[in-house]
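**Student:** the amino acid sequence is not available; the structure is as follows:
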């Protein structure tokens, strides 16, 4: 930061008229070569933003307004401003490119699987469940689902498991039915045959008859159990409803032993949340927004191939696109620590000093 500020002061803040071109060249240093989320200081980014604005302002004024000095000096100053400007633009463009890239990855409209993976895994390949625990990942999923009208957690869990029954282990389902069998046997012993009759809408005349029924139909997660529950789908729905009521998915410390956690969340995000999310955001114009972001992103990737004036234009378009898309601005703040208010303050800077510098070297402003 100290060296960067020294560079800015030497090339611009002192004033164009106070240093000869050779002296400016001698004091010139490079803008940091790359922007790295988590390590690049937000103040540094704002310094380079301000530098870009100043160079753009002065470059256009010197190039387009009347100049009373020698043409060679004008050309030399424009050359120096161009060299510094291209480095500064490249630095800021990289901050936007990384944000646009992340946003596009998380808004993969034509690839629900990629969208789901971006939601559930971080850049290092760790899942939300690994980082923060199953309960946190479940809360995040259900909160987002509720935004799009998917309110009942048991419906969500059941639908995921019905899409891919292998997500919940068959051994766990068998253990569950076995435990259920034990509960019904206890109920039979304490309440008698009437309790089983009421529960299953039967008319057993003896406990022995009721016990034979339980032995056959409520002893394993199989076709007999499905028959008494109505169907395999209804049997699964019954178990899931019981598990949700017990808050099993939120509170079981070993839930990953009973379900495939990654497949559960990826299926939920891809098959259930994505369609609801897309339906909502498509109505809000996200398809057109994505096309626009893709176009700007492509320009950012190739910005160094453009003339300096087009680089300035591309950077301004990227900044406006970032501002207009609220979620993208949130990405920028999270990645770089620079918020909307800080960038707006830069846009509202006074240009009085810059005009003084320009006048001092013979530029009409």
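**Tutor:** Done, it's in. As the structure is a prediction and not an experimental result, all values here were calculated from the model. Numbering: from 1, shown residues only.
**Student:** now do the same contact list for the residue nearest the centre of the chain.
**Tutor:** Geometric centre of the chain, nearest residue: residue 106, 5.4 Å, by Cα atoms, centre = their mean. Residues counted as contacts of residue 106 (Cβ atoms under 8 Å, 6 or more residues apart in numbering) are 115, 118, 119. All C-beta spots, glycine's among them, are computed from the backbone N, C-alpha and C.
**Student:** list just the nearest of the residues you listed to residue 71.
**Tutor:** Closest approach to residue 71 among the contacts of residue 106 (Cβ to Cβ): residue 118, at 53.5 Å.
**Student:** mind listing what the closest one touches?
**Tutor:** Contacts for residue 118 (Cβ under 8 Å, 6+ apart) come out as 105, 106, 108.
**Student:** now the strands for this structure?
**Tutor:** Here the chain has no strands by DSSP state E.
**Student:** show me the shaky parts of it.
**Tutor:** For the chain, the stretches with pLDDT under 70 are 1-33, 38, 326.
**Student:** tell me the domain ranges of the protein?
**Tutor:** Using automatic domain parsing, the domain parsing of the chain gives 2-107+285-360, 127-283.
**Student:** so how far is the longest one from its chain's centroid?
**Tutor:** Relative to the chain's own centre, domain 2-107+285-360 is displaced by 25 Å; criterion: Cα atoms, centre = their mean, to the nearest Å.
**Student:** on that earlier part again, which of the contacts of residue 106 fall in helices?
**Tutor:** In helices, defined here by DSSP state H, the members of these are 115, 118, 119.
**Student:** and these, which is closest to residue 277?
**Tutor:** residue 115 (8.1 Å).
**Student:** gap between that closest one and residue 82?
**Tutor:** 41 Å (Cβ to Cβ, to the nearest Å).
**Student:** have a look at those two and say which one is more surrounded.
**Tutor:** residue 115 (21 against 17; other Cβ atoms under 10 Å).
**Student:** wait, what's in contact with the residue nearest to the more buried one when sequence neighbours are not counted?
**Tutor:** In this structure, residue 115 finds its nearest non-sequential neighbour in residue 108, 4.4 Å apart by Cβ to Cβ, 6 or more residues apart in numbering. When contacts are counted by Cβ under 8 Å, 6+ apart, residue 108 touches 114, 115, 118.
**Student:** what do you get if the cut-off is 10 Å, keeping everything else the same?
**Tutor:** 114, 115, 116, 117, 118, 274, 290 (Cβ atoms under 10 Å, 6 or more residues apart in numbering).
**Student:** helices along the stretch 51-200 of the chain, start to end?
**Tutor:** 71-106, 112-120, 128-132, 134-147, 153-163, 170-191, 193-200 (DSSP state H, counting those that start in this stretch).
**Student:** residue 206: how many residues sit nearby?
**Tutor:** 10.
**Student:** so it makes contact with residue 212?
**Tutor:** Yes. In this structure, residue 206 is within contact of residue 212 by Cβ atoms under 10 Å, at 9.4 Å.
**Student:** backbone dihedrals for the residue nearest to residue 115, please?
**Tutor:** phi -80, psi 80 (degrees, to the nearest 10).
**Student:** repeat that for residue 218.
**Tutor:** In terms of degrees, to the nearest 10, the main-chain angles of residue 218 are phi -130, psi 60.
**Student:** same question for residue 123.
**Tutor:** Main-chain dihedrals, residue 123, degrees, to the nearest 10: phi -60, psi -30.
**Student:** I'd guessed it sits against residue 102; true?
**Tutor:** Yes. Judged on Cβ under 10 Å, residue 123 makes contact with residue 102 at a distance of 8.6 Å.
**Student:** now stretch 278-287: buried residues?
**Tutor:** 278, 281, 286 (16 or more other Cβ atoms under 10 Å).
**Student:** stretch 130-140 too?
**Tutor:** 130, 134, 135, 137, 138, 140.
**Student:** contacts for that stretch, please.
**Tutor:** Residues external to stretch 130-140 that are found in contact with it (Cβ under 10 Å, 6+ apart): 119-122, 124, 126-129, 153, 156-157, 247, 249-256, 259, 261-262, 264-265, 268.
**Student:** would you mind listing which of these are buried?
**Tutor:** Here, 16+ other Cβ under 10 Å leaves 119-121, 127-129, 153, 156-157, 249, 252, 255, 259, 261-262, 264-265, 268 buried among the contacts of stretch 130-140.
**Student:** ok, residue 355 touching residue 365?
**Tutor:** Yes. Proximity of residue 355 to residue 365 meets the contact threshold set by Cβ under 10 Å, at 4.7 Å.
**Student:** okay, and the common contacts of those two?
**Tutor:** In contact with both residue 355 and residue 365: 57, 58, 61, using Cβ under 10 Å, 6+ apart.
**Student:** next up, phi/psi of residue 351, please.
**Tutor:** phi -110, psi 10.
**Student:** what number of residues lie near it?
**Tutor:** With other Cβ under 10 Å as criterion, residue 351 counts 15.
**Student:** quick one: it and residue 323, what's the gap?
**Tutor:** Distance from residue 351 to residue 323, by Cβ to Cβ: 21 Å.
**Student:** next one: residue 316
**Tutor:** 11 Å.
**Student:** which residues are common contacts for those two?
**Tutor:** With Cβ under 10 Å, 6+ apart, residue 316 and residue 323 have common neighbours residue 347.
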